[in-house]
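1. give me a model of this one.
(one chain, ligands or ions: 2)
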Amino acid sequence: MTVLKILRYPDPRLHQVARPVEVFDDALRTLVKDMAETMYAAPGVGLAATQVDVHQRVIVIDVSETKDQLQVFINPQIVKASAEGRIYEEGCLSVPGIYEEVERPGVVRVRAFDENGKQFEIDAHDLLAVCIQHEIDHLDGRVFVQYLSRLKQNRIRSKMLKSDREAA
Ligand code: GNR
Ligand code: NI
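-> Ligands and ions are numbered 1, 2, ... in the order given. Below is the predicted model:
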């Protein structure tokens, strides 16, 4: 059982762009397992490798009520996105305590590989669509607060730095 440390905004490592996975080996499967444990422990509905300072294109998600439906997305690509947007109140394990509305495409088709290197495609909507897009953003070095106004971003940054100081 390994719960990994989650980077907190505004850590600059959250802005690194992750590289595609090239080898589907036991080390990758261990990473996936540790990321899943970290996500469930948090608890959260998704986690991108970037958040645990591993800059590879690996995502775990479980949007089920029962927390027993882990989905693994390696080298994920959005191959189709609906023109219609949806607004959802998002949160992030790297920005604890902050919840803000973000608009994104409501439905996306995602192509990815599982931890054994098998390719698959799914259509995602609702929370799963939001979560996949939020996690792919992490892999591209983007945190959801970057969709907010400069003013809100600055306030969130100050709040995070203050709570870091108080915890130290
Ligand atoms: O746990 C999480 N909940 C959530 C809620 C609304 C929109 C996105 C998310 S993802 C977040 C976990 C996380 O930070 N993943 O990167
Ligand atoms: Ni996040």
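
2. excluding its backbone neighbours, what's nearest the closest residue to ligand 1 within the chain?
-> Per CB to the nearest ligand atom, the residue of the chain with the smallest distance to ligand 1 is G44, at 3.1 Å. Every residue, glycine included, has its C-beta placed from N, CA and C. With CB to CB, 6 or more residues apart in numbering as the criterion, G44 has its nearest non-adjacent residue at 4.7 Å, and that residue is L93.

3. wait, a helix at the residue of the chain closest to ligand 1?
-> No. The assignment for G44, made by DSSP: H, G, I helix; E, B strand; the rest coil, is coil rather than a helix.

4. can you count the residues close to it?
-> 19 (other CB atoms under 10 Å).

5. how about the residues of this protein near ligand 1?
-> 44-48, 51, 90-94, 130-131, 134-135, 138 (CB under 6 Å from any ligand atom).

6. give me phi/psi at the nearest residue to Y99 once chain neighbours are set aside?
-> In space, and not counting its chain neighbours, Y99 is closest to G91: 4.8 Å by CB to CB, 6+ apart. Per-residue torsions, G91: phi -130, psi 170 (degrees, to the nearest 10).

7. please tell me how far G91 sits from V32.
-> In this view, G91 and V32 are 23 Å apart by CB to CB, to the nearest Å.

8. of those two, which one has the most company?
-> A side-by-side neighbour count of G91 and V32, using other CB under 10 Å, places V32 first with 19 against 15.

9. in what helix or strand does that one lie?
-> Per DSSP states H and E: V32 is located in helix 26-41.

10. so what touches that helix?
-> 1-4, 6, 21, 45-47, 49, 52, 54, 56, 58, 60, 62, 67, 70, 72, 74, 93, 115 (CB atoms under 8 Å, 6 or more residues apart in numbering).
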